[in-house]
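*Asks:* can't give you the sequence, but here's the structure:
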């Protein structure tokens, strides 16, 4: 029975991905900063573990309890929508520490085992926001673009060792908590220049009509990456992400 470890399973993409892999008969290690076992189906194949990707001790403890894994899904992350001139330095640091350095820390913890076994799959969840310039998400976008670059180079490094590497790029997902988690970092609504831009961004993100990304789209893209040896390096997830990818490449 293959085993997948997924970070950031408390909601959204990670939660839906854990449910999908469980339904397919995989052993699932669902990790989250504050474990909530009751949000996932009861299963002998499920292990829910605490994991903070910014904490080396937390990573080491989770991986020791998880045992050997076949697929690593780096999904944990958060967003912030703030004009560049107004973003708090601490928020910028947190974005990179979680989204990019957290991904790097997980890779450094898991790759030695994959390389030794000459087998394994890495799937990094980034963002279609990296495909074109967008206002207000510049630092979030930069942190995810860094993961894109990291993933591209990692694929080259791991190819001689039989380790597959992919990135999944979701689009706008109104049903997830991305907007909710981004709101505490929002700055600029009291600025007459930025207020219209910010209000427009909030309205656009909450608008569920038109091309959007569902959590199920991302879960299916991750499943494709995990199970298809011919899956591409870049995998857009969601109708809007597919359109953006076609325009960008």
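*Replies:* On my side now, so go ahead. Model, not experiment: these values are computed from the prediction.

*Asks:* Residue 116 belongs to a strand?
*Replies:* No. Judged by DSSP: H, G, I helix; E, B strand; the rest coil, residue 116 forms no part of a strand; its state is helix.

*Asks:* okay, now it: neighbour count?
*Replies:* Look at residue 116: counted by other Cβ atoms under 10 Å, it has 10 neighbours. For the C-beta atoms, the positions are set from N, CA and C on the backbone; glycine is no exception.

*Asks:* distance of it from residue 78?
*Replies:* From residue 116 across to residue 78, the span is 32 Å (Cβ to Cβ, to the nearest Å).

*Asks:* And residue 47, by the same measure?
*Replies:* Residue 47 sits 24 Å away from residue 78, taking Cβ to Cβ as the criterion.

*Asks:* cool, residue 3 as well?
*Replies:* 26 Å.

*Asks:* What of residue 230?
*Replies:* For residue 230, the distance to residue 78 - Cβ to Cβ - is 32 Å.

*Asks:* higher neighbour count, those two?
*Replies:* Neighbours of residue 230 and residue 78, each counted by other Cβ under 10 Å, are more numerous for residue 78; the result is 18 against 6.

*Asks:* Give me the three-state assignment for the more buried one.
*Replies:* Going by three-state DSSP: residue 78 is coil.

*Asks:* pLDDT wise, what is it at?
*Replies:* Reported pLDDT at residue 78 in the predicted model: 91.

*Asks:* got it, and residue 88?
*Replies:* Residue 88 is given a pLDDT of 93.

*Asks:* What's the first helix or strand after the particular helix or strand that has residue 219 in it?
*Replies:* Per DSSP states H and E, residue 219 falls inside helix 215-227. Using DSSP H and E, the next helix or strand after helix 215-227 towards the C-terminus is strand 234-237.

*Asks:* Determine the angle, from 0 to 180 degrees, between the helix or strand that comes right after that following strand and helix 215-227.
*Replies:* Per DSSP H and E, the first helix or strand lying C-terminal to strand 234-237 is helix 239-248. Our comparison of helix 239-248 with helix 215-227, counting by axes from the mean of the first three to the mean of the last three Cα atoms, to 10 degrees, yields an angle of 60 degrees.

*Asks:* Can you tell me the closest non-neighbouring residue to residue 58?
*Replies:* Leaving aside its sequence neighbours, residue 58 sits nearest to residue 52 (Cβ to Cβ, 6 or more residues apart in numbering; 4.4 Å).

*Asks:* distance of the one you found from residue 63?
*Replies:* Distance, residue 52 to residue 63, by Cβ to Cβ: 13 Å.

*Asks:* repeat for residue 83
*Replies:* Residue 83 is 38 Å from residue 63, where distance means Cβ to Cβ.

*Asks:* Any stretches of this protein with poor pLDDT?
*Replies:* Along the chain, segments meeting pLDDT under 70 span 175-185, 205-209, 249.

*Asks:* try it again with 80
*Replies:* Applying pLDDT under 80 to the chain flags the ranges 174-189, 201-210, 249.

*Asks:* ok, and what's touching the lengthiest strand in it?
*Replies:* For the chain, the longest strand by residue count, based on DSSP state E, is strand 163-170. Contact partners of strand 163-170, identified using Cβ atoms under 8 Å, 6 or more residues apart in numbering, comprise 13, 111, 114-115, 118-128, 130-131, 147-148, 151, 154-155, 158, 213, 217-218, 221-222, 225, 229, 231-238, 241, 245.
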